[in-house]
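[1] coords below, sequence missing:
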Ligand SMILES: Nc1ncnc2c1ncn2[C@@H]1O[C@H](COP(=O)(O)OP(=O)(O)OP(=O)(O)O)[C@@H](O)[C@H]1O
Ligand SMILES: Nc1ncnc2c1ncn2[C@@H]1O[C@H](COP(=O)(O)OP(=O)(O)OP(=O)(O)O)[C@@H](O)[C@H]1O
Ligand SMILES: [Mg+2]
Ligand SMILES: [Mg+2]
C-alpha cells in the first residue's frame, strides 16, 4: 500500500511538473507582454525594456521556468516594476503586477469562496446524485425512475449559465424567495454564509448531480446482476440490507472516481458558476487574469486547478483501493 | 456638497450649458472650516463597495480621477477643489491660498497653514511637501503625472528630467526651496501658469520620509486628512477611521461626519447595486464610488421613482469620447470629413447605453474646461449623413474603400459598436475592417507609427480643468506616438503652440489655446462624439453623494449618513 | 416418509427481454426426498440453473414469469410473498451458486460473509462473536484453516472459494441443498475432494441434495437418481445405475457416452446426439513409436531445452520485476503424421510451449525447429511468422473468443488465404465453402457472423480456418475444454477424421487425461514448466513412471 | 490500477465519458458470451443494432429532432429568405420605434411581433429568429467538424496505443493525464486570442473560416483524450482476446490486425462517444462565447446570445429564453440520441 501511494505521488508530481511546464510555455509564449501590463499605459519603449529586464522577461524561457520552479520549492525574490525586491517565500507562484500582490496571496484570498462553493455543491451532488440514481435503479421502469430520469436528462443538458440566470431571475429578482447570491465568510455566521451560496449550490449541484445520477443508476443496475448480490439474497437477507451492504458497495468505485474528478474540477475553480453569480473565487480570478493577461496569476490558477484534479483523482483512487480489497493489494 | 446632484435625470443629466468651470478661490475661501451640512449625522459607517481595489494608494503614483477623489479622505494637498452647489472652486488646502507667482510665472510660493498635522499629531512641514514632490522623480513613479519633473527641470519629458535629478536618492532638489517650516518656493526654468492646479494633484501631497515604506506605502499611506487607514487587506477591504489630529478649522472642503468608512472589493457590482437599490442588508448605507449603475438595472431604476432617487448622475469631469483617426494614414482631409459625416452617433450611443452616457459633442475640449466655447464646424444629424459623406469621398484625391478600426476586446459592447460602424461605413461603400485587441496591448499596438489601424475610439481628459494639457500634450507634431497617437501634424499649429507655451498668464494662455482649437478641428483630426457623463447610485441613508465636477465620480470625502 | 424435501410440479419459467420471450424451463415436475441426491444433468442452456434459482425464488420478478408449483418442506414458493420466501432462503433451502468467484462478495472477508449468513436466521440475540465462531468452525469443516477466515475471496484458489460457498450454504443445516455445478471449475483432484465433502455432509445431516451438473461422471459417482433435461423439458428420470447402463432415450445414451473415460477404447469415434452408436473403428494408421518415447518417423517440429520467462509485476517502483519462469527446459518433438498430447495442471506451461511452436511467443532460451529450420525468431519477425504460418496453424481453446465477432465467417476463414495465396475473392470464397463442408458446415453459413452459431459449430469454423492454408502441423490448445460433453465428442470425432484424411501432425494440449488418452499417440506430462514424463500413450497411462502422473491418474478415476 | 480519468468536469460532457468508460471496458467480455446462439437473429451486428434502435421511441424522436435541426441549419438561408429577414441587419437601429433610447425593445416580450417572431436583439436590434437559425449552423458546424477530427485522432491514437502497449502506452497515459489535468476552459479562453493575433494579418478582418478552424483545432486538441482512452482500454482487452492471436497465427500483418480485426470491434464505443461528444462541444462552444471568446461578431452564435441575454435579463428576460431553450432542446436531443445509440449497441441493456 505504501508502495502504491508512493508510486501514485511520483506520478502525480510528474504530471504536475509537465502541466506547469506546458502552462508556462504556452502562456509566456503568448504575444501579449506581461511587462506592458506591469508598466502601465503610459510606458515608453526605454522604460518598457527596463521593466522587462527587471522582471527577467528578457531571459530565455527555460531560465525563467527554472526560476519559477525554484521559487515553488525554495522561494525567491521577485523584482517589482521599479526594481524593488519583493520577497516571495516557498511555495512562490510569482507576483501579480495587476493585483499588486503575490499570486499565492491572491489565490489564498479567494480560496474560501471556492472551498465553500465547491464543498456545498459537492455535498449536493453526492447526496442528491447518488440518492436519486439509486432510487431510480431500484424502481427501474416505474414512475419514480421515469421522473428522475427525465429530470437528470434535463439537468445533463441544461447550461449552468442559462439555469443560473433563469433561477436568479425567478427566485431572487422576481419573487425575492432567495437572498442575492454572494459570499459572506463563515465568520459572519453560518446562516449568512449558507444563504448567499444557496442558489449557486443548487444550480451547480443540480447540473452536476444529473450526470452523477445517470452513472449511479446504470452502475447500480449493473451491480444488481452480480452474482454476489444474488448470493446475499440467497442467504435470506432483506432487500434493504442487500442493497446497502452489497449493491451500493459494488456500484461505488466508478462513482467515487467520478466524484473525485468532479471535486478536482470544482475545487480548481468553477469558472462559469462564479462568473454567473459574481462570486469572487479562484475560478473568477482565473478567468479575469486570462482576460487581463495577468500571466503569473494565470499560470498559478492553472497549476492550482491541475493540482486539484490530480489530488482528488489520486484520493479517489485511494478510496477505491480502500473500498475494494482486490485493488488494495494490487 | 449638495445632496443628490441632478439625480437620475438620465437624458438631460449632462446638459452642456450647465457645466461649470473651476474658478480660482481667494485666501479667504481657503480658510476652514467647511460649512456644516444640513441633515448630516455625526457617526455611523459609510460602506463603499467597489468591484476592484485601488491599483495605487501611494499619493505620488495615483493618477486616476476616482482615486484622487477618494484619497482626499486621508490625504491633503497644497490646493484642492471646493465644491459648493456643484460649482468647483480651487482653494488652498494645506496652503493658505492657491499660490503666488512672481518672475513672470517662473517662481511660485506657498505658505502652509498653521495647525495642520499628520495622523500621529506631528505637524506637516514644507520639508514634507518638498519630499513628496521629489519622489515623483524617482524610479517606479513613472505611473504618476510627469509635470513636476518636467517643469522643475525645464525638460521635454520625464526621461530628460530624471537625468538631471533622480529622486530623493540624489539628495536635495535645488529647484524647491524651503526657507522655513511653512514656506515652499518653487523655481521653474520656464514660466508656468498652471501651478495652482498641479498643486491640487495627488502627486503634490506631502510625504514624511520616516514613514515612507517604499512599496508598502502604496498600500498603506500615512494620513493627513480627516480619516486614517486602519486596515488594508488587498483586494478585499480597506477600513478608515477618524483621524483625531485633523483639525476642521484648517480645512475648507472636508468634513468628518461618519465614524468610519469601510471599503469592500471584489463583489460583483450588479449584486451591490441590487442591494443598494432595494435597501437589502447594508444596502441603505452603501454605495460605490467607482462603478456606474450596471446597465442591467438602469432601465428599471429610471422607471421606478423611488429607485430613481438613488441614482447620482453628473458629467464625468472634463472627459470627452471621440473617434480617433490616424492622420498619418488617412491623410486626405476630405476622407476624414467623410468619416465625420458617416459616424452614426445616435446608434453608437444606443449600443453603449443611451443618453446617460452624455451629450453629443461638437468640440474637441469638454465644456468643463476653463474658457470653453461652443462651436460646430461641420454640423451633422445624430444618425450621420451618408450623402454628404459620399460627396466628400468623391472629392478626395485618394480613393478609400477600406478602413481599419481597432478596439479593445474586453467588453462585448465594443464588439457591437464595431458592428454598428461596419454597417454605417458600408452605406458609403467603405469596408470597415474591425480588429479586436487585447486591452493591455492596445496602446502599444495601435499607437506605433507603422500600426495599420485608421480608427479607434478614445476617451480623453485634461489633467486639470484648463486647456493647457490638451493641445500642447497631444497635437504637436514632435510629440511621440504615445502622446500624439493620431500623428497630427500641422506646422501652423506647431508654431502657435510654441508661442503659447511662453505665456505665463493663466487666463491669456487658456484663451489662446481655445482659439487654436478651432484651427485644429478644421482638419478633422478626430470626430467628437460625447461629453461623457456618469450615472452612479447610492444607498438611501447616504448623504452628500454627488458626482465631483472635476474628478467625475461620487466624491467620497463629501459622504455622510443622513439623520434618521 | 411421504413428504418430499423439494416438490416441483409443472414448473414453467420464461424470461422476457428485448421484446423476446425465452422459455427456459417447460412443464417440469420432480420430487426430491429427504437425504436423497438427485442429479440434474443436461447440456449447457438446458435450464438446469433456472430450476435451482426458481426453487429459491431468486429470479428477477420483473423479467421472469414462473408458473406451476415448487414446495420446499411443504411451503409453496411460487407466488408467495417475498418475506415468506426470504425465511426459507439460506435456512431450509440453500444454494451453491454456479460461479464461486462471482458468488462471493469481493468486498467482505470470508468470515464476515459466513457469519452474516448464520446470523440472518439465528435466533434473536445471537452475538456477532458467536456467529464468527460458527463461521470459523464451518470453514474448518470444509477444510479451510480458520486462520484464513479474515482473508478476502480473491486471496483463495478456485477450489477453496468453491468450498467457502459450500460452507455458506451449509451453515444453517438446510433440508435442501441445491448445488449448481459445484465442481465444474475445478481440476480433478479438487473436484474429488469437494464431492467427498458433499457426500459426507449429506450422510451427517440428512440433507437432500439437488446436484446440477453436465458431467455424467460426477453423477455416476454421487447421485442416487438422475434427471435428464433437454431444452427445458425432462427427458428421462431414474436411478443412476439404470440410466447409466440402460437409458431409454438415445439422447441420454449419447450424453453418457460422449465423454471419453480412462476406460474407453482410444481412437474410436465417440457417440454423439446425432450418432448415438458409432462404429467401433480404431485408428487405422497409428505411427510407430520407439520404446523410449521418441518418434521414429521424420521429425517435423521440435523444441530443445526450451525456456520461457515472463516479466512479472514489480513489488515496488524501485524493485526489479520478478520473472515468471513459465517453461524451464522443455524438449519435445513431433513426427510427421503423429499426434502428441500435452497434459498437466493449470499454469504448468502447456499453452506457452504451444505458442512457441506456433511462432507467437519468443523463447528465452532453447532451440525451436520446424522441418529442420530454426524458427525461434518467428514471434518478432513478421516475415518468418508468415512463412511459418503456412505450415503451422492453431486451434484455440475458446470458440467464442477466438472468432472475431465483427467479421463474417467468410472473412474469418479466408484471412489465411489472403495472406498465403494469390487467389481472387471468388476463388477464396469457393475454397472457404469447401472447407466448411469439410468440417460439416454449409456454404450458406459463409455470410453469417460467429454469434449465430453454437459452440460446437464455432469450433468447427476455427478448425476450418486452421485448415485453410493446408498446414502440416496443427497446434490445438485445449480445443474442446470449453465445450459441452456432447459437443466435445463431435469436435473430437471431427479432428480424428481430419487427421486421418489429411495426414496431419497434431500437438494436442489438454488438461483432461481421458481426452488425451483417447486422442493421442504419444503423451507428454508437464508440471511447473517441466516435462516430468513423456512416452507412448499406452505406456504413460498403463505404467506411469512419474509420481505426479500417477497422482493425476488417480484423481481422474 | 485505474489511470482512467475523464474529461473536464465543467463542460458537463465528462460524465457521459465516465459512464461510458466503465461500460465498454466490461462490454469487452460480454459480447459473444452473452448472446445465446439459438436465440440470435440471423442479422449482422449492424442490422441488429439498427433494429433495436428503431424500437426505441425516445431514440427515434431524438433522431428526428436532430435531423430536423440539421436540416434547418443546412437550409437556414432558404428559411430566412422565406421569413424575409437576415441575421445581420440591424433592424432595431435602422427603424425608429423598435428600440428605446437605451437600446431595449419597445414592444413587450422582447419585441415579439408579426414582423419579428421571436423579437429583436436589444442594442443592435437584429432579428432573433434569424439569429437562432444561423446560430444553429455555427454550433453544428463547430461540433461536427470537431467531432470528426476527434474521432479520427482518437481512433488512430487509441487503437494504435492500445495495440502497441509498452512504452507507447506509458507515454500516452502520461500525455492524457497532463491534458486532463489542464483546465481546458482556461486554456481555450487564453488561446483563442493568441491564434487570432498570431495568424491574422493585422490589416484584415479575421477570416471567419479561421475562427472556426482555430476553435475546432483547440476543441480537438483536448477532445480526443477521452475517446482515445476508452479505445485504448477496449483494444487492450481485445488484444488479449484470442481472435487477435488467431489473426497473428495465420500470419496476418499488423495493419490487417489493427484495421480489420480491431477497428470493427470498437465502432460501437466510437459511435456512442461521437453522439455524446456533439452536445458536449456545442455546450463548450457556447460556454466560450458566454465568457467572451469564440466565434466573433457578426457570425450568429447561441452562446453569445445567452451572454448578451445575461446583460439585459432584468429588463428583457425574453431575449435569453430563446437561445437558452434552443440549446437545451438541441443538447437534450443529442444526449437522448446518444443514450439510444448506447442502448441499441449494448447487448446487455434491456432497460
Ligand atoms: N436472466 C435470464 N434472462 C434471459 N434468458 C435467460 C436468463 N437466464 C437464463 N436464460 C436462458 O435460459 C436458458 C437456460 O439457462 P440456464 O442458465 O438454466 O442453463 P444451464 O442449463 O444452467 O446451462 P449451463 O450448463 O451453461 O449453466 C438459456 O437459453 C439461457 O439463455
Ligand atoms: N504473458 C504472460 N505474462 C506473464 N506470465 C505469463 C504470461 N503467459 C503465461 N504466463 C505464466 O506462465 C505460466 C504458464 O502459463 P501457461 O498459459 O503456459 O499455462 P497452461 O499450462 O497453459 O495453463 P492452463 O491450463 O491454465 O491454460 C503461468 O504461471 C502463467 O501465469
Ligand atoms: Mg447453469
Ligand atoms: Mg493454457
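    Yep, that arrived. Keep in mind that what you see is a predicted model, and the values were worked out from it rather than measured. Ligands and ions are numbered 1, 2, ... in the order given.
[2] Next, the residue of chain C positioned farthest from its centre: phi, psi?
    Most distant from the centre of chain C: residue C:125, at 44.6 Å, with distances by C-alpha atoms, centre = their mean. Phi and psi for residue C:125, reported as degrees, to the nearest 10, are phi 90, psi 0.
[3] what sits against it?
    Shown in contact with residue C:125 (C-beta atoms under 8 Å, 6 or more residues apart in numbering or on different chains): no residues. Using the backbone N, CA and C atoms, a C-beta is placed for each residue, glycine as well.
[4] likewise residue C:113?
    Here residue C:113 is in contact with C:104, C:105, C:164, C:168 (C-beta under 8 Å, 6+ apart).
[5] Is the closest residue to ligand 3 within chain C in a helix, a strand, or coil?
    Per C-beta to the ion, residue C:49 is where chain C lies closest to ligand 3, at 3.1 Å. On the three-state scheme (DSSP: H, G, I helix; E, B strand; the rest coil), residue C:49 is labelled helix.
[6] from memory it sits against residue C:180, does it?
    Yes. Residue C:49 sits in contact with residue C:180 when judged by C-beta atoms under 8 Å, with a separation of 5.3 Å.
[7] Which neighbours do those two have in common?
    Both residue C:49 and residue C:180 are in contact with C:98, C:212, where contact means C-beta under 8 Å, 6+ apart.
[8] Phi, psi for residue B:40 please.
    According to degrees, to the nearest 10, residue B:40 has phi -90, psi 140.
[9] quick one, what contacts it?
    So residue B:40 contacts B:255, B:257, B:543, B:544, B:560, B:561, B:562, B:563 (C-beta under 8 Å, 6+ apart).
[10] And the residues you listed, which is the shakiest by pLDDT?
    Within these, pLDDT reaches its minimum at residue B:563, with 85.
[11] Make a ChimeraX selection of the buried ones in the contacts of residue C:113.
    What follows is the ChimeraX syntax selecting those of the contacts of residue C:113 that are buried according to 16 or more other C-beta atoms under 10 Å in any protein chain shown:
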select /C:104,105,164,168
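[12] for the contacts of residue C:113, which one is nearest residue B:370?
    Using C-beta to C-beta, residue C:105 comes nearest to residue B:370 of the contacts of residue C:113, at 89.2 Å.
[13] before we move on, what SS does that closest one have?
    At residue C:105 the chain is in coil, as set by three-state DSSP.
[14] Then residue B:551?
    Here residue B:551 is recorded as coil under three-state DSSP.
[15] Report how many residues lie close to it.
    Residue B:551: 24 surrounding residues under other C-beta atoms under 10 Å in any protein chain shown.
[16] So it is in contact with residue B:71, correct?
    No. With contact defined as C-beta under 8 Å, residue B:551 does not reach residue B:71; the gap is 10.1 Å.
[17] Tell me the one among the contacts of residue C:113 nearest to residue C:274.
    Closest to residue C:274, out of all of the contacts of residue C:113 and judged by C-beta to C-beta, is residue C:104, at 39.6 Å.
[18] who's in contact with the nearest residue to residue A:247 once chain neighbours are set aside?
    In space, and not counting its chain neighbours, residue A:247 is closest to residue A:223: 5.1 Å by C-beta to C-beta, 6 or more residues apart in numbering or on different chains. Residues near residue A:223 by C-beta under 8 Å, 6+ apart: A:229, A:246, A:247, A:250, A:251.
[19] residues touching residue 157, list them.
    In the absence of a named chain, this looks at chain A. So residue A:157 contacts D:279, D:328, D:331, D:332, D:335 (C-beta under 8 Å, 6+ apart).
[20] try chain B instead
    Contacts for residue B:157 were tallied using C-beta under 8 Å, 6+ apart; they are B:146, B:150.
[21] Now do stretch C:376-396: distance from first to last residue.
    Stretch C:376-396 has its terminal residues 21 Å apart, counting by C-alpha to C-alpha, to the nearest Å.
[22] That stretch: which residues count as buried?
    Within stretch C:376-396, the residues scored as buried using 16+ other C-beta under 10 Å are C:376, C:378-379, C:384-396.
[23] Wondering if it reaches chain D at all.
    Yes. Applying C-beta under 8 Å from any C-beta of the partner chain, one finds stretch C:376-396 in contact with chain D at C:382, C:385, C:386, C:387, C:388, C:389, C:390, C:393, C:394, C:396.
[24] Quick check: chain neighbours aside, which residue is closest to the fourth one?
    Spelled out, it's residue C:387. Nearest residue to residue C:387, sequence neighbours excluded (C-beta to C-beta, 6+ apart): residue D:251, at 7.8 Å.
[25] So that neighbour, which state does it fall into?
    Going by three-state DSSP: residue D:251 is coil.
[26] again, but for residue C:13
    Following three-state DSSP, the label given to residue C:13 is strand.
[27] give me the element the closest residue to it other than its chain neighbours is part of.
    If the residues on either side of it in the chain are set aside, residue C:13 comes closest to residue C:25, at 4.2 Å by C-beta to C-beta, 6+ apart. Element membership for residue C:25, per DSSP states H and E: strand C:20-32.
[28] Could you report the separation of the closest residue to chain D within the stretch 101-250 of chain A from residue A:261?
    The stretch 101-250 of chain A approaches chain D most closely through residue A:211 (2.9 Å), counting by C-beta to the nearest C-beta. For residue A:211, the distance to residue A:261 (C-beta to C-beta, to the nearest Å) stands at 10 Å.
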